[in-house]
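Visitor: fold the following, please.
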Amino acid sequence: MSGARTPSRGQVVLLAAFVLAVALVPVVVAYLQLGYDADLTPQTDRAPETDAERLLDRAVYDAAGGVPDSYSWNERARAVQTVRDRLDPTVRTLERARLSDGIAYRLSYNANRASNWASEHCDRGPDRQFGPCESIRGVVVQERSDRTHVLAVAFDLSVTTPDGERRLTTVRRLI
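Guide: Numbering: from 1, shown residues only. Take a look at the predicted model:
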């Protein structure tokens, strides 16, 4: 032996543990930032209708989930009823969500706007890729491979604030 000392096994394990701990610091910091409270509080500088539209975007997406798997094109009226039933809890929640802030929402489906949207955005003519498109009670559906696909939902939104009332028609689309 040449007299050079090799580190003992305990020192190697301790050094490895230290290196691992240092490597995990960025992971812990990133995890803690994901739960940052400022991301969870509502933005009061945004218009209340913007908050409503964001909520409706997510709700329409969720409500339309699984519809093509569950409903053939012949069952499209039932598919639309399912979407509306799934949206009902969100609509009720939205209408009560900010009453304590002096903001009231009122929502209803807009069948005319949905029909206009379908006329403007659904493929037409002999070269279209999908089947017919139809607006039923404010929900736009299209036949694709004999399945019912939800494309959009049209709403009338009324927002009452201490500053007054604003009304708008919005189409929350999935395509």
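Visitor: what are the buried residues along the lengthiest strand in the chain?
Guide: Ranked by residue count and defined by DSSP state E, the top strand of the chain is strand 147-161. Neighbour-count burial for strand 147-161 flags 147-159 (criterion: 16 or more other Cβ atoms under 10 Å). For every residue, glycine as well, the C-beta is placed using N, CA and C.
Visitor: sec struct for the residue nearest to the spatial centre of the chain, please.
Guide: Closest residue to the average C-alpha location of the chain: Arg58 at 2.0 Å, with Cα atoms, centre = their mean. Secondary structure for Arg58, judged by DSSP: H, G, I helix; E, B strand; the rest coil, is helix.
Visitor: which secondary structure elements does the helix or strand hosting Arg92 contact?
Guide: Assigned by DSSP states H and E, Arg92 falls within helix 76-97. The contact analysis (3 or more Cβ pairs under 8 Å, 6 or more residues apart in numbering; DSSP states H and E) places helix 76-97 against helix 48-64, helix 67-70, strand 104-109, strand 133-136, strand 139-144, strand 147-161.
Visitor: what about the residue lying closest to Val91 once chain neighbours are set aside, distance to Ser8?
Guide: Closest residue to Val91 apart from its sequence neighbours, by Cβ to Cβ, 6 or more residues apart in numbering: Leu107 at 5.0 Å. Plainly put, Leu107 is 71 Å away from Ser8 if you go by Cβ to Cβ, to the nearest Å.
Visitor: chain center to the top helix by length along the chain, what's the gap?
Guide: Looking across the chain with DSSP state H, the single longest helix is helix 9-34. A distance of 36 Å separates the centroid of the chain from that of helix 9-34, by Cα atoms, centre = their mean, to the nearest Å.
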